[in-house]
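Colleague: Need coordinates for the below:
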Amino acid sequence: MSGKFTLFTGKNGEIYFNLKAGNGEIILKSEGYRDKGGAQNGIESVRKNAADASRFEKKTSVNGKFHFNLKAANHQVIGSSEMYESERSRDNGIASVMANAPDASLVET
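Modeller: Predicted structure coming up:
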């Protein structure tokens, strides 16, 4: 099973997307967008930038958990991960985004 983007409207009326791995687990979440077109542009940016390892910013939170952001060429964050217990798990999350994003289908919910 391959990855997929899910596009949905949040309670605040903004449009969001998630990238899910083949097992259904969310591996990347977007910021809120004002309209569907903006969110779709964000998805295209994730597809394009996920292939470039240098676009991933590896981070450690103040509570010692690990996470990452995917950034576009203009350094704007286009997606963020969940919190991971280890650096290895975070790096596996990055590898999953790199593998799933380019060919992920789009599902609107």
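
Colleague: Can you report how many residues lie near Gly10?
Modeller: Other residues lying near Gly10 total 10 when counted by other C-beta atoms under 10 Å. From N, CA and C alone the C-beta is placed, and that goes for glycine too.

Colleague: Please shift the residue numbers so they start at 26 in all later answers.
Modeller: Yep, numbering from 26; the last one is Gly35 now.

Colleague: Kindly provide the distance from it to Asn117.
Modeller: 28 Å (C-beta to C-beta, to the nearest Å).

Colleague: what residue ranges in this protein score low on pLDDT?
Modeller: Low-confidence segments of the chain, defined by pLDDT under 70, span residues 26.

Colleague: residues touching the residue positioned nearest the centre of the chain, list them.
Modeller: Note on the chain: the residue nearest the mean C-alpha position is Leu53, at 2.6 Å, using C-alpha atoms, centre = their mean. Applying C-beta atoms under 8 Å, 6 or more residues apart in numbering, one finds that Leu53 lies in contact with 43-44, 71, 95, 104-106, 122, 126.

Colleague: Then Arg59?
Modeller: Taking C-beta under 8 Å, 6+ apart as the definition of contact, the neighbours of Arg59 are 39-40.

Colleague: any chance you could map the helices in the chain?
Modeller: In order along the chain, the chain carries the following helices (DSSP state H): 61-74, 112-125.

Colleague: Export those as a markdown table, with columns for mean neighbour count and distance to Ser27.
Modeller: Converted to a markdown table, these look like this (neighbours: other C-beta atoms under 10 Å; distance: least, C-beta to C-beta, whole Å):
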| stretch | mean neighbour count | distance to Ser27 |
| --- | --- | --- |
| helix 61-74 | 18 | 13 |
| helix 112-125 | 17 | 7 |
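
Colleague: closest to Ser86 out of these?
Modeller: helix 112-125 (10.8 Å; C-beta to C-beta).
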